[in-house]
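S.K.: What follows is a predicted structure for the sequence shown.
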Amino acid sequence: MKAWQKIFSLLVLVFLVAGLAGCGSGASQEKGPDTQTKPAASGTSTSSRPKYSVALEATFAPFEFRDMKTGEFTGFDVDLIKAIGQVAGFDVEIKEMGFDGIITALQTNNVDLAISGISIDDERKKAVDFSLPYYQSGLVVAVKADNNTIKGFDDLKGKKIAVQIGTTGAKEAKKIPGAKVTELDKVPDVFLELKNGGVDAVVNDLPVTAYYIQQGNKDIKIVGDVRSAEYYGIAVPKGKPEVLHKINDGLKALKASGQYAEIYKKWFGQEPPAFLPGEPPQQKQ
């Protein structure tokens, strides 16, 4: 019995060792193809498509704001930059910040580009590069609905005016003789200051003011004419021509396909000016 037991034990040991070796061999064979396939797949999806960080200030409806239900960024500018990314071959990572900090963020390369209802002007051109114009705007005066004394820009001398800090509206208001200008961070705060009687009027972009009133704020009205036609552009740090070319090529592609017009009509309910995106007719040589 002892001899038989020894032989049996040896046979069991041999089978166990063979089984373990077989399992080990099988595991390495299964793992090999996995580790080769996965890196190849991830490399293909990420290396060929860059991700650009995009600065915006999300209280500038209907251009950029947060959806109250989802908390996601939405608006004309948001739809537009995502569409540009699709046709130009890049992903978008939105970074929210104060409007007055956007140009600085571009200059210090903390973001790759910015789309936030940024008016193209000579002062900003010294700091950053701009894409083709993609929206035509202008400045208007807004007052409380029961105000019948202020009827436009000419009636703002010596008045209290609220503006969003760092905007062309703020620059325009500061030109008005004797005006006391209050600069606030966000557009809703500007209009709230007017509603609360802290100021006599607001100077702000036409589409933003009109959209704010349409959202149920009928206690505010626009008075007078539109001043200083402005054009919005997508801002890019200087020294990054490859990024600027992608933006402009994307805008041209969206215009040619009709997708730009679709996005425009979605947010403004009408066809865009025929030259957009592009230089206004009077600037063509």
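M.R.: All right, it came through fine. Because the structure is predicted, anything quoted here is derived from the model rather than measured.
S.K.: Test my guess that Y134 contacts D79.
M.R.: No - with contacts counted by C-beta atoms under 8 Å, Y134 stays clear of D79, the gap being 11.6 Å. (Each C-beta comes from the backbone N, C-alpha and C, glycine too.)
S.K.: Show the average pLDDT along the strand or helix carrying D129.
M.R.: Per DSSP states H and E: D129 is located in strand 128-130. In this model, strand 128-130 has a mean pLDDT of 98.
S.K.: which outside residues touch it?
M.R.: Applying C-beta atoms under 8 Å, 6 or more residues apart in numbering, the set of residues contacting strand 128-130 from outside is 103, 106-107, 114, 118, 120, 124, 233-238, 240, 244.
S.K.: Could you do stretch 209-219 as well?
M.R.: Contacts to stretch 209-219, defined as C-beta under 8 Å, 6+ apart, come from residues 61-62, 140, 142, 144-145, 187-188, 191, 195, 202, 220-222.
S.K.: got the buried residues for it?
M.R.: Buried residues in stretch 209-219, counting neighbours by 16 or more other C-beta atoms under 10 Å, are found at T209, A210, Y211, Y212, I213, N217.
S.K.: And for stretch 181-195?
M.R.: By neighbour count on 16+ other C-beta under 10 Å, the buried set for stretch 181-195 is V181, T182, E183, L184, K186, V187, P188, V190, F191, E193, L194.
S.K.: Rounded mean pLDDT for that stretch, please.
M.R.: The average pLDDT within stretch 181-195 is 97.
S.K.: contacts for it?
M.R.: Here stretch 181-195 makes contact (C-beta under 8 Å, 6+ apart) with 57, 59-61, 98-100, 142-144, 160-166, 170, 173-174, 198-202, 204, 208, 212, 217, 219-220.
S.K.: Ok, stretch 244-259 next?
M.R.: Here stretch 244-259 makes contact (C-beta under 8 Å, 6+ apart) with 80, 83-85, 87-90, 113, 129, 131-132, 134, 234, 236, 260-261, 263, 276-278.
S.K.: Enumerate the positions of that stretch that are buried.
M.R.: Buried, per 16+ other C-beta under 10 Å, within stretch 244-259: L244, K246, I247, N248, G250, L251, K252, A253, L254, K255, Q259.
S.K.: re the thing from before, tell me which of Y134 and D79 has more neighbours.
M.R.: Y134 (28 against 18; other C-beta atoms under 10 Å).
S.K.: how close does that one get to K175?
M.R.: The gap separating Y134 from K175 is 27 Å, by C-beta to C-beta, to the nearest Å.
S.K.: what does E64 give?
M.R.: Going from E64 to K175 by C-beta to C-beta gives 27 Å.
S.K.: before we move on, back to that, hmm, which two among the contacts of stretch 209-219 are most spread apart?
M.R.: By the measure C-beta to C-beta, P62 and K144 form the most distant pair in these, at 22.4 Å.
S.K.: If you count surrounding residues, which of these two has more?
M.R.: Neighbours per residue, other C-beta under 10 Å: of P62 and K144, the larger number sits with P62, 20 against 17.
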